[in-house]
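Q: predicted model and sequence follow; I will ask about them next.
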2 protein chains.
Amino acid sequence: MGRTPRMFSLNPSSGIPIYRQIVHQARFAIASGRVKPGDRLPSVRNIATQLGVNPMTVSKAYSTLEQAGVVVRHPGIGMVASEAGADPASAIDADAQALVRTAKQLGLSRKELVERINKQWEEEWTDQPIPLRRSR
Amino acid sequence: MGRTPRMFSLNPSSGIPIYRQIVHQARFAIASGRVKPGDRLPSVRNIATQLGVNPMTVSKAYSTLEQAGVVVRHPGIGMVASEAGADPASAIDADAQALVRTAKQLGLSRKELVERINKQWEEEWTDQPIPLRRSR
DNA sequence: AAAGTGTACTAGTCGAATTAATACACTTAA
DNA sequence: TTAAGTGTATTAATTCGACTAGTACACTTT
């Protein structure tokens, strides 16, 4: 049984908290289909050892994912990718909800909001991640 | 000339930072049309005195508003409500942009994103657009 | 000049977020 | 039953950014 290819990697210099990096990578792995619903995720201690961090840090990441419905906890077994998490759209629900909320608070109509989204869609070019500005 | 009715008020017990309360109230005053494009906003020191806070705190609020395009700085004159700020939709642009970006990263189509927005719109109940609270 | 505008710089305080150490409850497999 | 595996509750230390304020400055208007 060949060891599973390391599923997570850390970028210490990114400034992004460890547990969030784990959350992001796991969520993306599932949303992209690399990990399918029903598949087990690496155990807390497995990841903790691999990355050299405390098990609790990994646990926090998993709890966050469970809270988000991306993963289901199976006592004694571990964390398993859920059906819901396999839908890429689910990953944006939290952000979408926040946006809708503020839009409503501002008295925007649904149509106006969608219009705004469409506009942003045109303007937003993801190909070039971000027009990085090099020092002269 | 009658003193301008106090434009800002603080709710110390709300836990919301002072400068954010100012930002919110100013933005709403403009977005709602109570303050029209071209109108001057109260001066930093004026507000600071009224509210009993440091001028820098007010300045930070104004800087935030300028950053958001709600207000324009006129050196020697003060802060003036902008055209853009009068459009309530402009207030959500930053959030909308962030959402669009992650959606694209996840490989979502524009249609799927809009669909998700619509779904959230149905589920999200914000009966009171903005519960303006008059002191009884 | 005098009086008004906003702000750069500095510094202090405070609280939430992050990470870790440890011990525990639980399930599976032998 | 027991050994080895799973995730986690509790507690605590620490870090780090948000917030606020004091002061002095550059600027424009009148």
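A: Right, received. Where do you want to start? None of these values were measured; they are calculated from a predicted model. Numbering: from 1, shown residues only, chains lettered A, B, ... in the order given.
Q: roughly how far is the worst-scoring helix or strand of chain A on mean pLDDT from the heart of the chain?
A: Least confident helix or strand, chain A: helix A:93-105 with a mean of 85, by mean pLDDT, DSSP states H and E. Centre-to-centre, helix A:93-105 and its host chain are 18 Å apart (Cα atoms, centre = their mean, to the nearest Å).
Q: for the following helix or strand past that helix, buried residues please.
A: Counting by DSSP states H and E, the next helix or strand C-terminal to helix A:93-105 is helix A:110-123. Of all the residues in helix A:110-123, those buried under the rule 16 or more other Cβ atoms under 10 Å in any protein chain shown are A:112-114, A:116-117, A:120-121. Using the backbone N, CA and C atoms, a C-beta is placed for each residue, glycine as well.
Q: next one: stretch A:38-49
A: Buried-residue list, stretch A:38-49, by 16+ other Cβ under 10 Å: A:41-42, A:44, A:46-48.
Q: in helices, which of those fall?
A: A:44, A:46-48 (DSSP state H).
Q: separation between A:Ile117 and chain B?
A: 6 Å (Cβ to the nearest Cβ, to the nearest Å).
Q: what sits against that residue?
A: B:96, B:99-100, B:113-114, B:117 (Cβ atoms under 8 Å, 6 or more residues apart in numbering or on different chains).
Q: any idea how far A:Ala96 is from it?
A: As for A:Ile117, its distance to A:Ala96 is 10 Å (criterion: Cβ to Cβ, to the nearest Å).
Q: okay, and the common contacts of those two?
A: B:99, B:117.
Q: and for stretch A:94-106, what's in contact with it?
A: For stretch A:94-106, contacts defined as Cβ under 8 Å, 6+ apart pick out A:68, A:112-113, B:31, B:88-89, B:91-92, B:95-96, B:98-99, B:102, B:116-117, B:120-121, B:123-124, B:126, B:129-130.
Q: return the distance of it from the chain's centre.
A: How far stretch A:94-106 lies from its chain's middle: 19 Å, per Cα atoms, centre = their mean.
Q: check which residues of it are buried.
A: A:95-97, A:99-100, A:103-106.
Q: now the residues you listed in CSV, with distance to DNA strand D?
A: Below are these laid out as CSV (distance: Cβ to the nearest atom of the strand, whole Å):
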residue, distance to DNA strand D
A:Asp95, 18
A:Ala96, 23
A:Gln97, 21
A:Leu99, 20
A:Val100, 23
A:Ala103, 22
A:Lys104, 22
A:Gln105, 18
A:Leu106, 20
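Q: number of nearby residues for the closest residue in space to A:Val70 that isn't next to it in sequence?
A: Closest residue to A:Val70 apart from its sequence neighbours, by Cβ to Cβ, 6 or more residues apart in numbering or on different chains: A:Gly85 at 3.4 Å. Using other Cβ atoms under 10 Å in any protein chain shown, A:Gly85 has 24 neighbouring residues.
Q: in this structure A:Gly85 contacts A:Arg27, no?
A: Yes - with contact defined as Cβ atoms under 8 Å, A:Gly85 reaches A:Arg27; the gap is 7.0 Å.
Q: common neighbours of these two, please.
A: A:65, A:68, A:70.
Q: for the first one, grab phi and psi.
A: This means A:Leu65. phi -70, psi -40 (degrees, to the nearest 10).
Q: now do the contacts for it.
A: By Cβ under 8 Å, 6+ apart, the contact list for A:Leu65 reads A:23, A:26-27, A:71, A:79, A:85.
Q: OK, contacts around A:Tyr88?
A: Careful, residue A:88 is Pro; it's not Tyr. For A:Pro88, the contacting residues are A:31-32, B:106-108, B:112, by Cβ under 8 Å, 6+ apart.
Q: could you list the contact residues of chain A toward chain B?
A: Neighbours of chain B within chain A, by Cβ under 8 Å from any Cβ of the partner chain: A:28, A:31-32, A:88-89, A:91-93, A:95-108, A:110, A:112-118, A:120-121, A:123-124, A:126.
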